[in-house]
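[1] here are the coordinates; sequence isn't available:
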């Protein structure tokens, strides 16, 4: 009997036949990354040892393009070498997952005179599982650095009129379509099937309940705020994106609302048999968060070089996942001088946080939504990724440079100085004084080599010189962790185009 994965492969192989009236594409990817980690994402406690492992992404992407229809499917397998036994049986199940699966219907096309609708020069609607990639992926991105990346189950309307790009995205999440389910209550995280209670006994977790191991349903880690890389999934999301180029300058505007299921504090069991604290998602209504702002990018020609610059500002309001009122902001600017083989330039940005010395009573921590933190806040992923962000926000002063040896070989060197954006109390100090704002410096070095049109080799090194303030905001301790962190990786990315007519060795 043909397995699920074999059916996918057979279906994609049949796509090699090219009908004259449409365009087909079939590409693959094998991306392996060997990593040495000695303080990636957070500091290692004193006495711990570095880690070394290999991870791999394997994927196939099929595309179809005609005058009235676009179609795309990406299937992937993501794993760490040795994570599975060297052989599997039927009980292991399907090892593939669907990263993208969408269809896009063309509703208007200025060049197609047979389409009568002329409200837009171009108009289409894309439905299904898809990546969202906007601007420089600060707030909406595919997080491609992660082997599993990010995608959304959504509908996206895409329009063009008089040079204006207008995109409207809509998403609505539900856990199941099973018979007997009533209402639209949504449990936003993947709860474990079993968990150990306060007495050390293993108990089953019922549907609609998320354990927190904190009394009253409080979060396990007070430092975790960002949905970016966390398990908190929205119930619904809507965004409107507008953009237009004016010569060498591009203006983009974003308005986004994401809605989070309300919950009530609850517990399982009792003090005699053992207790599990958590959140019960059986309430109606949502907490609505609003994010809005603008970005300007431009390129200015100079005598023997050019200056590329960017400036942006965003605000955040409404209520967060916990129902607390939000008042937050994110702003920054950067510039790059490009001359010959060199490009170099500074930048500075601030993501607001909570002042714990004089609390405002609101949540002032800006959440960078569903962007790609790896690109902006250091390649060692200390901020706004899976390990959380500082309560006091983040100020990031940086200098980025790049040298191109030839079209296939280039070197990138970035230097960051990180600091708290707002005052924080040092709760480990008997006098409860202010925490020093400096978090430390990070150096990132990347060497990229395009071996041929299908293969790229990337070597990267990161070094973080941390302070006690960083240890405090990440681990809640001081002088208990090593403040010098290192990270080294070698990544090979193979992207064959199986239907290419110009394949080269």
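    Thanks, I have it. Since the model is a prediction, treat every value here as computed from it, not as a measurement.

[2] return the set of buried residues in the one helix or strand residue 297 maps to.
    Element membership for residue 297, per DSSP states H and E: strand 286-301. For strand 286-301, a neighbour-count test (16 or more other CB atoms under 10 Å) marks 286-289, 291-293, 295, 297-298 as buried. For every residue, glycine as well, the C-beta is placed using N, CA and C.

[3] is it correct that residue 73 is in contact with residue 103?
    No - here residue 73 lies out of contact with residue 103, judged by CB atoms under 8 Å, at a distance of 9.5 Å.

[4] which one of these two has more residues nearby?
    Legend: neighbour count by other CB atoms under 10 Å for residue 73 and residue 103, higher for residue 73 (21 against 15).

[5] mind checking how far the helix or strand where the more buried one lies is from the chain centre?
    Per DSSP H and E: residue 73 is located in strand 69-80. Relative to its parent chain, strand 69-80 has a centroid offset of 17 Å by CA atoms, centre = their mean, to the nearest Å.

[6] go on, stretch 434-446?
    That offset, for stretch 434-446, works out to 22 Å (CA atoms, centre = their mean).

[7] who touches that stretch?
    Residues external to stretch 434-446 that are found in contact with it (CB atoms under 8 Å, 6 or more residues apart in numbering): 357, 378-380, 382, 390, 392, 394-395, 411-420, 423-426, 458-470, 472-473, 483.

[8] what residues of stretch 458-466 count as buried?
    458, 460, 462-464, 466.

[9] just the ones of those in helices?
    Members of these lying in helices (criterion: DSSP state H): none.

[10] where along the stretch 351-500 of the chain do the helices fall?
    373-376, 468-475 (DSSP state H, counting those that start in this stretch).

[11] which one of those helices lies closest to residue 167?
    helix 373-376 (20.7 Å; CB to CB).

[12] next structured bit after the lowest-mean-pLDDT helix or strand in the chain?
    Least confident helix or strand, the chain: helix 4-13 with a mean of 50, by mean pLDDT, DSSP states H and E. Helices and strands here follow DSSP H and E; after helix 4-13, the next one along the chain is strand 23-38.

[13] which neighbouring elements make contact with that following strand?
    strand 51-65, strand 484-494 (3 or more CB pairs under 8 Å, 6 or more residues apart in numbering; DSSP states H and E).

[14] what residues are up against residue 420?
    By CB under 8 Å, 6+ apart, the neighbours of residue 420 are 353, 390, 392-395, 435, 437, 439, 469, 473.

[15] turn these into CSV, columns for neighbour count, distance to residue 248 and pLDDT.
    Below are these laid out as CSV (neighbours: other CB atoms under 10 Å; distance: CB to CB, whole Å; pLDDT from 0 to 100):
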residue, neighbour count, distance to residue 248, pLDDT
353, 25, 35, 95
390, 28, 36, 88
392, 26, 37, 94
393, 25, 33, 95
394, 26, 30, 97
395, 21, 30, 98
435, 25, 43, 94
437, 16, 37, 96
439, 29, 36, 97
469, 22, 41, 96
473, 23, 40, 93
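
[16] read off the pLDDT value for the residue of the chain positioned farthest from its centre.
    Computed with CA atoms, centre = their mean, the residue of the chain farthest from its C-alpha average is residue 272, at 42.4 Å. As predicted, residue 272 sits at a pLDDT of 88.

[17] same check, this time on residue 195
    So, for residue 195, pLDDT stands at 86.

[18] tell me the helix or strand right after the strand holding residue 297.
    strand 306-318.

[19] return the distance of that following strand from the chain's centre.
    Distance, centroid of strand 306-318 to centroid of chain: 18 Å (CA atoms, centre = their mean).

[20] which elements pack onto the very next helix or strand once past it?
    With elements assigned by DSSP H and E, the helix or strand that comes after strand 306-318 is strand 328-339. Packing partners of strand 328-339 (3+ CB pairs under 8 Å, 6+ apart): strand 306-318, strand 342-351, strand 394-406.

[21] now these in TSV, with distance to residue 191?
    Shown next, in TSV, are those (distance: least, CB to CB, whole Å):
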stretch	distance to residue 191
strand 306-318	26
strand 342-351	30
strand 394-406	30
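
[22] which one of these lies closest to residue 200?
    When these are compared (using CB to CB), the closest one is strand 394-406, at 38.8 Å.

[23] surely residue 418 and residue 378 touch.
    Yes - assessed by CB under 8 Å, residue 418 is found in contact with residue 378 at 7.4 Å.

[24] hmm, back to that, would you tell me which one of the helices of the stretch 351-500 of the chain is buried the most?
    helix 468-475 (a mean of 22; mean count of other CB atoms under 10 Å).

[25] that helix - contacts with which helices or strands?
    Short answer (3+ CB pairs under 8 Å, 6+ apart): helix 468-475 packs on strand 438-452.

[26] strand partners of the strand it packs on, parallel vs antiparallel please.
    strand 409-419 (antiparallel), strand 455-466 (antiparallel) (DSSP bridges).

[27] mind putting those strands into CSV with mean pLDDT and distance to residue 157?
    Output for the strands paired with strand 438-452, formatted as CSV (pLDDT from 0 to 100; distance: least, CB to CB, whole Å):
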stretch, mean pLDDT, distance to residue 157
strand 409-419, 98, 36
strand 455-466, 98, 34
